[in-house]
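[1] My questions are about this predicted structure, shown below with the sequence.
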Amino acid sequence: MPKGFFAAVVALATVSSMSTFIATSAVAAPLCDKFGFAGLLAKCNRGEPIELTLASGQPLGKGDVALQSGAYYEMRITADGSAEIGISGASFFRAIWLNEVVINGIEVRPMALDSLEFDKAGVATMSFIAIKPGVYEVRIPNTTSDSQKVTISIQ
């Protein structure tokens, strides 16, 4: 077979697989089409807030969470002060673009986050854009119960 024929077959297969990839990845679009000046942080691109509670003997969340890639979310983590409790989820925190973490009115804009720990009662609010599709787990460290974790999927 001529070398040109083989190259043409490889090129056609590559274009075909790329068009399939583009068609399937376009399904996970942001929540709105008209971002305006605010871009991805636009009000129309915001998903429902995620509520997590850190309390001794209580479930972490109300169930699994599904997020849309490219959409903006807020995660509110409330600790009741009943114990020194943290939350970890390095794989999830690496799959999002973290806008800011607000703790007691102080805005922190970190490059990355591995975990948060509460020594007293308080609230931390994280705002972020979901980026990398997949299934992730956020949990109270050193626990094994299913009620002490929340599964978050980014679609």
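    Yep, it's here.

[2] mean confidence score for stretch 40-52?
    Stretch 40-52 carries an average pLDDT of 83.

[3] Stretch 134-148 too?
    When pLDDT is averaged along stretch 134-148, the result is 94.

[4] ranges for the strands of the protein?
    50-54, 65-67, 72-79, 85-88, 96-103, 106-108, 115-118, 122-130, 134-139, 149-154 (DSSP state E).

[5] Does anything pack onto the first one? Which helices or strands?
    Looking back up the chat, that one is strand 50-54. Applying 3 or more Cβ pairs under 8 Å, 6 or more residues apart in numbering; DSSP states H and E, one finds that strand 50-54 contacts strand 72-79, strand 85-88. No exception for glycine: its C-beta is placed from N, CA and C like everyone else's.

[6] shaky segments in the protein?
    Residue ranges of the chain with pLDDT under 70: 1-39, 41.

[7] at 90 what do you get?
    The chain contains residues with pLDDT under 90 at 1-47, 56-57, 104, 112, 144.

[8] now the helices and strands packed on strand 50-54 in TSV, with distance to Pro110 and mean neighbour count?
    Output for the helices and strands packed on strand 50-54, formatted as TSV (distance: least, Cβ to Cβ, whole Å; neighbours: other Cβ atoms under 10 Å):
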stretch	distance to Pro110	mean neighbour count
strand 72-79	14	20
strand 85-88	15	20
